[in-house]
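[1] give me a model of this one.
(one chain, ligands or ions: 2)
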Amino acid sequence: MSEITAKPVYNRVALIGLGLIASSMFWAIKRAGLAGEVTGYARSAETRDTARRIGLCDRVCDTASAAVEGADLVVLCVPVGAMGGVAAEIAPALMPGATVSDVGSVKRHVIEDVAPHIPEGVHFVPSHPLAGTEHSGPESGFAELFDNRWCLLVPVDGSAPEAVARLRALWEGMGAHVDEMDADHHDLVLAVTSHTPHLIAYTMVGVADDLRRVTDSEVIKYSAAGFRDFTRIAASDPTMWRDVFLTNKDATLEILGRFTEELFALQRAIRTGDGQHLHDYFTRTRSIRRGIIEAGQDTAAPDFGRGAKK
Ligand SMILES: NC(=O)C1=CN([C@@H]2O[C@H](COP(=O)(O)OP(=O)(O)OC[C@H]3O[C@@H](n4cnc5c(N)ncnc54)[C@H](O)[C@@H]3O)[C@@H](O)[C@H]2O)C=CC1
Ligand SMILES: O=C(O)C(=O)Cc1ccc(O)cc1
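    Numbering: from 1, shown residues only. Ligands and ions are numbered 1, 2, ... in the order given. Predicted coordinates for the structure are as follows:
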């Protein structure tokens with residue numbers, strides 16, 4: 001857990017879109033004293049009311065422009081497909097010298113949608129915390145979400161090194177390990193490690209539901225850990241994940257193509273009784289898992305299902 005820092009990294013941070021990630025950022029920023037003030041804006045009056053009720057943000061504003069006024073860091077925490085529209089809305093109110101960042105799960109598309117709206121003299125440094133849960137909304141965040149998790153910074157052409165270093169300090173202060181990556185590489189890596197696995201989980205739960213077994217209490221009760229993980233992941237926010245697949249289309253289709261080829265080979269091995277193929281395949285995948293454990297790269301699973309925490 002981070003210590004309280006002596007000096008805030010930013011004077012004023014504005015969080016736009018008050019869901020899981022923004023609320024977790026707020027509690028993590030407060031935990032370590034990383035900003036003088038945190039303002040927030042959410043599109044719906046209901047979310048703004050909830051935020052005020054639970055003390056999420058020092059000041060909740062009724063417009064995005066009011067929230068970003070005087071902010072030296074603005075973080076867009078809305079679904080990937082909404083980033084460009086929000087950037088256009090806040091652009092005239094951005095303070096010269098401010099940094100705009102985002103936390104979107106896809107980077108190339110966000111950069112293409114947001115960068116054209118960033119005024120001269122304002123920095124743009126996209127980011128992506130590799131931490132989350134299947135929960136969403138302002139009450140789902142907690143200060144520990146980013147502890148020991150990776151946050152990838154994806155600087156664009158012209159991102160000033162000092163703006164990148166300052167954002168790195170914020171994420172490290174929130175407990176994350178930080179790495180930098182190019183946008184296309186990011187999108188391919190995430191298609192393998194997150195996006196396609198989510199699609200597979202959605203599909204598996206859909207298949208089980210088609211068989212009318214998933215809602216049967218006995219099946220839920222006796223389902224093994226793997227299927228339970230699928231149901232947890234398949235409960236993730238539909239808007240967020242719709243946008244992920246629509247905006248990381250090429251990388252996801254590339255990985256899905258490879259996935260289906262391998263799946264067909266396994267399907268054929270089962271049909272033809274080719275136990276050697278199955279055994280070889282499972283031996284290879286087991287060694288990958290063991291390599292991860294031996295390298296100490298298996299970070300502890302976050303404590304899913306927690307509520308907002310002050
Ligand atoms: N949920 C997760 O596990 C992770 C999500 N992300 C990314 O973080 C971003 C936010 O995700 P969450 O916090 O999970 O979502 P969330 O659904 O909890 O919160 C998103 C908020 O944005 C608001 N919103 C939607 N469209 C808007 C618009 N046009 N203008 C203003 N507000 C709008 C929603 O009402 C909601 O309050 C997404 O881009 C997602 O890809 C990144 C890492 C992990
Ligand atoms: O809940 C899970 O298992 C996750 O994988 C969380 C997650 C979801 C989306 C991201 O862009 C990053 C992390």
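[2] contacts, neighbours, all on C-alpha from now
    OK.
[3] so where do the helices sit in the chain?
    Using DSSP state H, the helices of the chain run over 20-32, 45-54, 64-68, 83-90, 108-114, 161-173, 183-190, 196-210, 217-222, 225-233, 238-247, 249-272, 275-294.
[4] spell out which parts of the stretch 201-310 of the chain neighbour ligand 1.
    M240 (C-alpha under 6 Å from any ligand atom).
[5] relative to ligand 2, which residue of the stretch 201-310 of the chain is the closest?
    Residue of the stretch 201-310 of the chain nearest ligand 2, by C-alpha to the nearest ligand atom: I233 (5.9 Å).
[6] for that residue, what are its contacts?
    E134, H198, A201, Y202 (C-alpha atoms under 8 Å, 6 or more residues apart in numbering).
[7] re earlier: tell me which of the helices of the chain is the most buried.
    Highest mean neighbour count among the helices of the chain (mean count of other C-alpha atoms under 10 Å): helix 20-32, with a mean of 25.
[8] say whether ligand 2 is contacted by that helix.
    No: figure legend: helix 20-32 not in contact with ligand 2 (C-alpha under 6 Å from any ligand atom); closest approach 9.8 Å.
[9] now do that helix against helix 45-54, angle only.
    Helix 20-32 runs at 20 degrees relative to helix 45-54, counting by axes from the mean of the first three to the mean of the last three C-alpha atoms, to 10 degrees.
[10] and helix 20-32, what other elements does it pack with?
    helix 161-173 (3 or more C-alpha pairs under 8 Å, 6 or more residues apart in numbering; DSSP states H and E).
[11] ok, residues contacting the helix it packs on?
    2, 5, 9, 29, 32, 34, 99, 123, 125, 151, 153, 155, 177-178.
[12] so which of the residues you listed are in strands?
    Under the assignment DSSP state E, the contacts of helix 161-173 contribute T99, H123, C151, L153, H177, V178 to strands.
[13] quick one, grab the pLDDT at V205.
    pLDDT for V205: 87.
[14] tell me how far it lies from ligand 1.
    Between V205 and ligand 1 the distance is 18 Å, computed by C-alpha to the nearest ligand atom, to the nearest Å.
[15] once you drop chain neighbours, what's closest to that residue?
    T231 (6.2 Å; C-alpha to C-alpha, 6 or more residues apart in numbering).
[16] one step back: which two among the contacts of helix 161-173 are spaced furthest apart?
    S2 and H123 (26.5 Å; C-alpha to C-alpha).
[17] looking at these two, which is more packed in?
    Taking neighbours as other C-alpha atoms under 10 Å, S2 and H123 compare with H123 leading, 26 against 16.
[18] tell me who's in contact with the more buried one.
    Applying C-alpha under 8 Å, 6+ apart to H123 gives the contacts G97, A98, T99, V100, S159, A160, A163.
[19] for PyMOL, write the selection for the buried entries among those.
    Applied in PyMOL, the following selects the buried portion of these according to 16 or more other C-alpha atoms under 10 Å:
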select buried, resi 98+99+100+159+163
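[20] got the contacts of H123 as TSV, with pLDDT and distance to E89 columns?
    Formatted as TSV, the contacts of H123 follow (pLDDT from 0 to 100; distance: C-alpha to C-alpha, whole Å):
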residue	pLDDT	distance to E89
G97	97	18
A98	98	16
T99	98	16
V100	98	13
S159	88	21
A160	95	23
A163	98	22
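[21] near ligand 2, from the contacts of H123?
    Applying C-alpha under 6 Å from any ligand atom to those, none is adjacent to ligand 2.
[22] from the contacts of H123, which is closest to ligand 1?
    Using C-alpha to the nearest ligand atom, V100 comes nearest to ligand 1 of the contacts of H123, at 14.2 Å.
[23] quick one: V125 and P155 touch, right?
    Yes: contact criterion C-alpha atoms under 8 Å: V125 and P155 qualify, at 5.1 Å.
[24] residues touching the closest residue to ligand 1 within the stretch 201-310 of the chain, list them.
    For the stretch 201-310 of the chain, the nearest residue to ligand 1 under the criterion C-alpha to the nearest ligand atom is M240, separated by 5.6 Å. Applying C-alpha under 8 Å, 6+ apart to M240 gives the contacts P79, V80.
[25] let me know the pLDDT of it.
    For M240, the pLDDT comes out at 97.
[26] alongside ligand 2, which residues does the protein contribute?
    By C-alpha under 6 Å from any ligand atom, the residues of the chain that approach ligand 2 are S105, L130, A131, G132, T133, E134, S194, I233.
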